[in-house]
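J.: Quick one, fold the following:
(one chain, ligands or ions: 2)
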Amino acid sequence: MQSKAVVCKNLRKDFGKGEDAVKVLRGVDFQVNYGEMTFLVGPSGCGKTTLLSVVAGLLNPTAGDLAVLDADIAKLHSSEAVLFRRKNLGFVFQQFNLLPALTAAENAAVPLLAAGWSRKPAVEKAVVLLRDLGLGERAHAKPNQLSGGQQQRVAFARALIHEPRLLVCDEPTSALDAETGHHVMELLRKSAVRADRAVLVVTHDSRIYNFADRIAYMNDGLITRIEEQQNAA
Ligand SMILES: Nc1ncnc2c1ncn2[C@@H]1O[C@H](COP(=O)(O)OP(=O)(O)OP(=O)(O)O)[C@@H](O)[C@H]1O
Ligand SMILES: [Mg+2]
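T.: Ligands and ions are numbered 1, 2, ... in the order given. Got it, this is the predicted structure:
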């Protein structure tokens, strides 16, 4: 069988314990294929961010199996898991989580610095990527000097810069106008959809559905339907 970028089997996540437990993931069966962009859509509160956070290793599942890039995440020691994530995963969160004291380019360079690059080449690579994202002029501005959509593109650059094998994005175009959103998704397809890579995107933005190879519909803590799109943009 062809290996998968992500495999979730009967994945459960409760917040809290006992009678007060909130059951948010209620037995998710779900896969992400290599070489594809998979979208996860569904109503607010159905568990999309929770599922992304579990897949990305930011939350531990309550029960079930999870394999990410052929690694059984639960079997890694926590320090190994941190290194594995740092090297192989990129995230764009619903909140952009930029570091306020760093410039746009320094923020985007953080994954390279964490991987041991020296500052100058890391920041230079970040500036090139920011230029591709239409932010060349703002590369040396601090986050509080940037608009929401500009900050979101810095978060994108940070997620892409180390060429992660799995890119996980939560509402990546929420702060972008249609044209910029389209451009960012094109860049994402070009750089992150490769035979040995995969992208998982949570979105409410129907303007970008045409970029998906596969759309997984989520409702009330379960994946209810998966739709393949033959002609992804
Ligand atoms: N730490 C937490 N403790 C308790 N409940 C939580 C926690 N985090 C999330 N929830 C609940 O889990 C449910 C799913 O939340 P989640 O953030 O995954 O939804 P979502 O599908 O991403 O929604 P949105 O589209 O609004 O971002 C919600 O009812 C939320 O209140
Ligand atoms: Mg969410």
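
J.: Residue numbers of the chain in contact with ligand 1?
T.: Contact residues, the chain versus ligand 1 (CB under 6 Å from any ligand atom): 15, 22, 24, 44, 45, 46, 47, 48, 49, 50. (C-beta placed from N, C-alpha, C; glycine too.)

J.: Quick check: buried residues in the strand or helix carrying the third one?
T.: Residue 24 belongs to strand 22-32 when assigned by DSSP states H and E. Of all the residues in strand 22-32, those buried under the rule 16 or more other CB atoms under 10 Å are 24, 25, 28, 30, 31, 32.

J.: if I look at the last one, how far off is residue 182?
T.: What it means is residue 32. Noted for residue 32: a distance of 23 Å to residue 182, by CB to CB, to the nearest Å.

J.: Same list (the residues of the chain next to ligand 1) but as TSV, adding distance to residue 87.
T.: As requested, the residues of the chain next to ligand 1 are exported to TSV (distance: CB to CB, whole Å):
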residue	distance to residue 87
15	29
22	33
24	28
44	33
45	33
46	31
47	27
48	25
49	23
50	24
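
J.: now, which of those residues lie within strands?
T.: Of the residues of the chain next to ligand 1, the ones assigned to strands by DSSP state E are 15, 22, 24.

J.: between those, which is nearest residue 231?
T.: Residue 231 has its nearest neighbour among these in residue 24, at 33.6 Å by CB to CB.

J.: Test my guess that that closest one contacts residue 48.
T.: No: at 10.1 Å, residue 24 does not count as touching residue 48 under the criterion of CB atoms under 8 Å.

J.: For this protein, which segments count as helices?
T.: Under the criterion DSSP state H, the chain contains helices at 48-55, 78-88, 104-114, 119-132, 148-160, 178-192.

J.: Alright, calling it a day.
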